[in-house]
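Asks: My questions are about this predicted structure, shown below with the sequence.
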Amino acid sequence: QQKVQQSPESLSVPEGGMASLNCTSSDRNFQYFWWYRQHSGEGPKALMSIFSDGDKKEGRFTAHLNKASLHVSLHIRDSQPSDSALYFCAASDTNAYKVIFGKGTHLHVLP
Amino acid sequence: NAGVIQTPRHKVTGKGQEATLWCEPISGHSAVFWYRQTIVQGLEFLTYFRNQAPIDDSGMPKERFSAQMPNQSHSTLKIQSTQPQDSAVYLCASSLEGGRLEQYFGPGTRLTVL
């Protein structure tokens, strides 16, 4: 079983809308969480990290972490066509060198 | 800063041939990772170096895959006797150290085995 599971697999939102991506971990040792974004033909690029319970906001992007439920989410407000990409949730534990990636959510922002 | 450099960007090999993929990490980064990306499996960890020393190769298929980091400025991933199931995008990433810190990915090498 994947240690980091993402949902949905694919998501379409209209330009200007809100996109919500979810991630659940099955390993309580995971303490550090990341969101990465990959545009077609490129390598993944880190969007933001979240290590503490609660919300973290960076511009149009807000991440939320609930360690008790092992759930992390990413919300993108005012979605733009340039946000269309593959989004990965990633997690690492306190020994913290290996990062486990989820399978990703394909986000399509429709003009 | 040019970022992580990977060469070649595309490689086509015949079944049974050898493929060598190159990675130049960001200068000053002590951690180097190799991943394999496919539609079916997603992003799979292959191996990790810290300060050029191999730390974890638990994701490497044992028989035909090998990775080296002969100096701090480059790492290679070698696949011997390539098979069609090795077709994937191979990504190299580096970071100041592992795990907690942001990993910087290269653009990847797309390997196609005919």
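Replies: Thanks, I have the structure now. Numbering: from 1, shown residues only, chains lettered A, B, ... in the order given.

Asks: Every contact and neighbour count from this point should use C-alpha atoms.
Replies: OK.

Asks: Any regions of the chain where pLDDT drops low?
Replies: No chain was given, so I picked chain A. A:1-2, A:95-96 (pLDDT under 70).

Asks: Actually, chain B is the one I wanted.
Replies: Low-confidence segments of chain B, defined by pLDDT under 70: B:1, B:98-99.

Asks: For it, which segments count as strands?
Replies: Using DSSP state E, the strands found in chain B span residues B:5-7, B:10-13, B:19-24, B:31-38, B:42-50, B:53-56, B:65-71, B:74-79, B:88-95, B:104-105, B:109-113.

Asks: Of all those, which one is nearest residue A:46?
Replies: Closest approach to residue A:46 among the strands of chain B is made by strand B:104-105 (7.5 Å; C-alpha to C-alpha).

Asks: ok now that closest one, how far from the chain's centre?
Replies: 11 Å (C-alpha atoms, centre = their mean, to the nearest Å).

Asks: for stretch B:39-48, same thing?
Replies: 10 Å.

Asks: ditto for stretch A:4-15
Replies: Worked out by C-alpha atoms, centre = their mean, stretch A:4-15 lies 10 Å from the chain centre.

Asks: List the buried residues of it.
Replies: Going by neighbour count (16 or more other C-alpha atoms under 10 Å in any protein chain shown), the buried part of stretch A:4-15 is A:4-7, A:13, A:15.

Asks: Looking at those, spot the one nearest residue B:25.
Replies: residue A:4 (26.4 Å).

Asks: show me the residues around the closest one that make contact.
Replies: Counting by C-alpha atoms under 8 Å, 6 or more residues apart in numbering or on different chains, residue A:4 touches A:23-26, A:89-91, A:100-103.

Asks: Number of residues surrounding the spatially closest residue to residue B:24 that is not a sequence neighbour?
Replies: Nearest in space to residue B:24, with sequence neighbours left out and distances taken as C-alpha to C-alpha, 6 or more residues apart in numbering or on different chains, is residue B:74 at 4.4 Å. By the measure other C-alpha atoms under 10 Å in any protein chain shown, the count of residues near residue B:74 is 19.

Asks: which ones are touching residue B:74?
Replies: Residue B:74 neighbours (C-alpha under 8 Å, 6+ apart): B:22-25.

Asks: How about residues contacting stretch A:86-105?
Replies: A:2-11, A:21, A:23, A:25, A:29-39, A:106-107, B:41-45, B:48, B:97-100.

Asks: about what we covered before: from the contacts of residue A:4, which ones fall inside strands?
Replies: Per DSSP E, the contacts of residue A:4 map to strands at A:23-25, A:89-91, A:100-101.

Asks: what residues does chain B put near chain A?
Replies: B:41-45, B:48, B:91, B:97-100, B:102-108 (C-alpha under 8 Å from any C-alpha of the partner chain).
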